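Undergrad: Fold the following.
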Amino acid sequence: MVHDQYIEPFKTGYFKKDQSVAYPYKPSTIPSMVVHVIGLVIPFSLILFHHFLTTKPILKSSKSRFGFLIKALPTIVGYLFGVAISQLLTDICKYNVGRLRPHFLDLCRPEITNLSLVNNETEYVPADDYNCYNSSFSVKNDCATCGWDEEQRAHRIREAYLSFPSGHTSYSFQTAVFLILYLQAKFSNHHLMKNTLMIPMVQLLILVSAIYTGITRIQDYKHHPTDVIAGALIGAIAQIVNALWITKIFEDDKDNNDNVEVEGEVVSMKTIKKDVIQKDMSTNESTLA
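TA: Okay, here's the model as predicted:
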């Protein structure tokens, strides 16, 4: 991404005896790629499925059902807009706060450059008074975190300043909130679901999945608990605002009532009614003549 290449995070100092940033580095239980793929595939599939069910050709001879793709496009774009809002807010906070991740010391292994601070165990070490050891020393394969080359380690150390808020959690919660709201808006009143617990159970499963994602970020020492809470709030609020007031998913699907598909083309019901009236008038005039 652009900001990963050209924008440096705000660099903060640390306290030597701060145990909150002294945890060991661990790989992620849920990789970032998995979170992002799920956050696109499932919402897209649900939106397309809804419009596929509600888009019906007006003629029995019409076999084309691809008109639902056109109807689904505004909602898909609306969802992506919510994703963008959540991601933008998350990245703005990450790159300007510069909070240290719990595994910061294990990755950085700071070398204090200000000699007056070397023997002071409780002194706060400002950002300008230390270097992470990959800046001054060659990488050695003598620990679990030293298997990377210089470029990989520099990238990891750079990410060690991006703890607040949790990007995994904000993305997971924006996905979960949109799915929960979309299920409520489009499927809860379906005749097969109306008197069952199917939709609430699926909504609960989605919410638990998002919560679990946030918990793994704490267990993996990637984030502090407050990072996860902040990420959840950003993602949830972004999609609530988007779904209710921008994409407006709770409004009736006007296209489903006003438009129909005729031989592969979406045609306005007003146009069809107008054509029918004109044909009726022509028929009456011919009869009178």
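Undergrad: count of neighbours near Asp129?
TA: 17 (other CB atoms under 10 Å). For every residue, glycine as well, the C-beta is placed using N, CA and C.
Undergrad: got it, and the one 3 residues further on?
TA: Under the neighbour criterion other CB under 10 Å, Cys132 is assigned a count of 21.
Undergrad: do Phe187 as well
TA: 19.
Undergrad: wait, isn't it in contact with Leu53?
TA: No: counting by CB atoms under 8 Å, Phe187 stays clear of Leu53, with 9.3 Å between them.
Undergrad: Neighbours of Ala243, how many?
TA: When neighbours are counted by other CB under 10 Å, Ala243 registers 25.
Undergrad: I'd assumed Ala236 was in contact with it.
TA: No: contact criterion CB under 8 Å: Ala243 and Ala236 do not qualify, at 10.6 Å.
Undergrad: Now the common contact residues for those two.
TA: By CB atoms under 8 Å, 6 or more residues apart in numbering, Ala243 and Ala236 have these common neighbours: Val177.
Undergrad: Gln174: what's it in contact with?
TA: 39, 82-83, 86, 234-236, 238-239.
Undergrad: Now render the residues you listed as TSV, adding neighbour count.
TA: Converted to TSV, these look like this (neighbours: other CB atoms under 10 Å):
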residue	neighbour count
Gly39	21
Gly82	23
Val83	22
Ser86	27
Ile234	26
Gly235	34
Ala236	21
Ala238	25
Gln239	29
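Undergrad: I'd like to know which of those residues are part of helices.
TA: Among the contacts of Gln174, the ones falling in helices (DSSP state H) are 39, 82-83, 86, 234-236, 238-239.
Undergrad: from the residues you listed, which single one is nearest Cys93?
TA: The closest of the ones in helices among the contacts of Gln174 to Cys93 turns out to be Ile234 (CB to CB; 7.6 Å).
Undergrad: if I look at the closest one, how far off is Ser20?
TA: Distance of Ile234 to Ser20, computed by CB to CB, to the nearest Å: 22 Å.
Undergrad: any low-confidence regions in the stretch 151-289 of the chain?
TA: The stretch 151-289 of the chain contains residues with pLDDT under 70 at 253-289.
Undergrad: Can you name the helix or strand that the residue most central in space within the chain falls in?
TA: With distances taken as CA atoms, centre = their mean, Tyr171 lies nearest the centre of the chain, 3.0 Å away. In this assignment (DSSP states H and E), Tyr171 forms part of helix 167-186.
Undergrad: would you say Phe52 is within a helix?
TA: Yes: membership of Phe52 in a helix is supported by DSSP: H, G, I helix; E, B strand; the rest coil.
Undergrad: just how off-centre is stretch 234-250 within its chain?
TA: Distance of stretch 234-250 from its chain centroid, counting by CA atoms, centre = their mean, to the nearest Å, is 13 Å.
Undergrad: same thing with stretch 163-176?
TA: That offset, for stretch 163-176, works out to 7 Å (CA atoms, centre = their mean).
Undergrad: sorry, back to before: looking at the ones in helices among the contacts of Gln174, spot the one nearest Lys194.
TA: Gln239 (24.7 Å).
Undergrad: any idea where the helices of this protein begin and end?
TA: Going by DSSP H, the chain shows helices at 2-6, 32-54, 67-97, 104-108, 150-159, 167-186, 198-219, 225-241, 254-258, 269-288.
Undergrad: Turn those helices into JSON lines, including distance to Tyr124.
TA: Output for the helices of the chain, formatted as JSON lines (distance: least, CB to CB, whole Å):
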{"stretch": "helix 2-6", "distance to Tyr124": "28"}
{"stretch": "helix 32-54", "distance to Tyr124": "32"}
{"stretch": "helix 67-97", "distance to Tyr124": "17"}
{"stretch": "helix 104-108", "distance to Tyr124": "14"}
{"stretch": "helix 150-159", "distance to Tyr124": "20"}
{"stretch": "helix 167-186", "distance to Tyr124": "27"}
{"stretch": "helix 198-219", "distance to Tyr124": "25"}
{"stretch": "helix 225-241", "distance to Tyr124": "20"}
{"stretch": "helix 254-258", "distance to Tyr124": "60"}
{"stretch": "helix 269-288", "distance to Tyr124": "70"}
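Undergrad: Would you agree His50 is in contact with Lys186?
TA: Yes: between His50 and Lys186 there is a contact at 4.8 Å, judged by CB under 8 Å.
Undergrad: measure Ile76 to Leu179 for me?
TA: According to CB to CB, Ile76 and Leu179 sit 13 Å apart.
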